[in-house]
Every structure is written in structure tokens, then in C-alpha cells.
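Got a predicted structure plus its sequence, pasted below:
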Amino acid sequence: PPRCVCSARMLKDWQWRFPEQPSALWNMRSRLTLRVVWLASKIFYTIGMRTRLHGREHLHALESLMRARTGVVTVCNHPSCLDDPVLWGMLSWSAILRPQTMRWSLGADNICFTRPLHAEFFSMGQTIPVHRGAGVYQKGVDYAIKQLDRGGW
């Protein structure tokens, strides 16, 4: 069924950067952004933090599900904005070579999408703008569902 956008505050035109049919240039810029952020996360995770990953096999099982083009939802309940990109650093080296294994994220429009340059960066990094408190019937949630239907994470 068609979805409606019924939020008290609508996204500004410049906040929505996802084309219906992404061009080769858009895909190239997105992949470059994802790889740069992934590499920075990998370095930070490997060198900058003392961490232990428990259940690595579950993370690798997710990667194989994504190769099979099965939609996957993961939830990070976190107080930090770094948790999501650092999670990327835990993925295997081969994950970055397959764009479908890179995670889509929902980002608060009043934090990540406050300026056109920020909107561009976060959109290229597969962060979808959502308005907190607007419920599930909004453009960002619809787009996230579309990514899941396509086998995204």
C-alpha cells in the first residue's frame, strides 16, 4: 500500500539526496565515501581502541546473508554517534568491496542533515534522514524499507 508522509516538519528539499535511479557518478561518490569512512573506522577500531569482538561469527554470517541479497536489520542502542561507523570497522576486508554489504543507517535530520554539505556527506555514506517523533510514516522510513526489500542492511 502507498505510504504517506505525515510529519509535523517536512524535510527540506536539500536534505533529501537519494535519487530514484542513482547515476554512475552518484554510485561512485557513495562508494568512495563508504570506503573512506570504513578505512578510517578500521584504523580507529584496530589501532585506536582496545576492543574485543564477541560473536564475530555472527557478523560474518550477516555478510553471507547480504551476499544472498537478504534484507537484514540490526539495532544499535547507543549513546554515541561513533558506534555505527565503528561497527563498520569490524566488518571483514572483503565487505568493503561489495557495496550491498555496507550498512544503511537512519540519521536524525536535526543532527546529520543540518547543512547542505552535511546532507551530502551523510547521504553518500548511506545515512537516511528521519525526523524524530514523526512516526514511521515518513519518507526516510519508506526509503529504508525499500533498501531492505532490495536486500540491503
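Structure's in. What do you need?

elements contacting the helix ranked longest in the chain?
Secondary structure assigned by DSSP state H gives helix 24-43 as the longest helix of the chain. Using 3 or more C-beta pairs under 8 Å, 6 or more residues apart in numbering; DSSP states H and E, the elements in contact with helix 24-43 are helix 83-89, helix 116-124. C-beta here means a position set from N, CA and C on the backbone, and glycine is covered the same way.

in the first one, what's buried?
Applying a neighbour-count criterion of 16 or more other C-beta atoms under 10 Å, the buried positions in helix 83-89 are 84-89.

how near is Gly133 to Leu148?
22 Å (C-beta to C-beta, to the nearest Å).

Those two: who's more crowded?
Using other C-beta atoms under 10 Å, the more surrounded residue of Gly133 and Leu148 is Leu148, with 14 against 9.

Please report the distance of the residue lying closest to Arg17 once chain neighbours are set aside from Pro116.
Spatial nearest neighbour of Arg17, chain neighbours left out: Ser123 (3.5 Å); criterion: C-beta to C-beta, 6 or more residues apart in numbering. Look at Ser123 and Pro116: by C-beta to C-beta, they are 10 Å apart.

More neighbours: which of these two?
More crowded of Ser123 and Pro116, by other C-beta under 10 Å: Ser123, with 23 against 12.

Show the contacting residues for that one.
Contact analysis of Ser123 by C-beta atoms under 8 Å, 6 or more residues apart in numbering lists 17-18, 30, 129.

will you turn these into TSV that also has pLDDT?
Formatted as TSV, the contacts of Ser123 follow (pLDDT from 0 to 100):
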residue	pLDDT
Arg17	85
Phe18	87
Ser30	92
Pro129	92
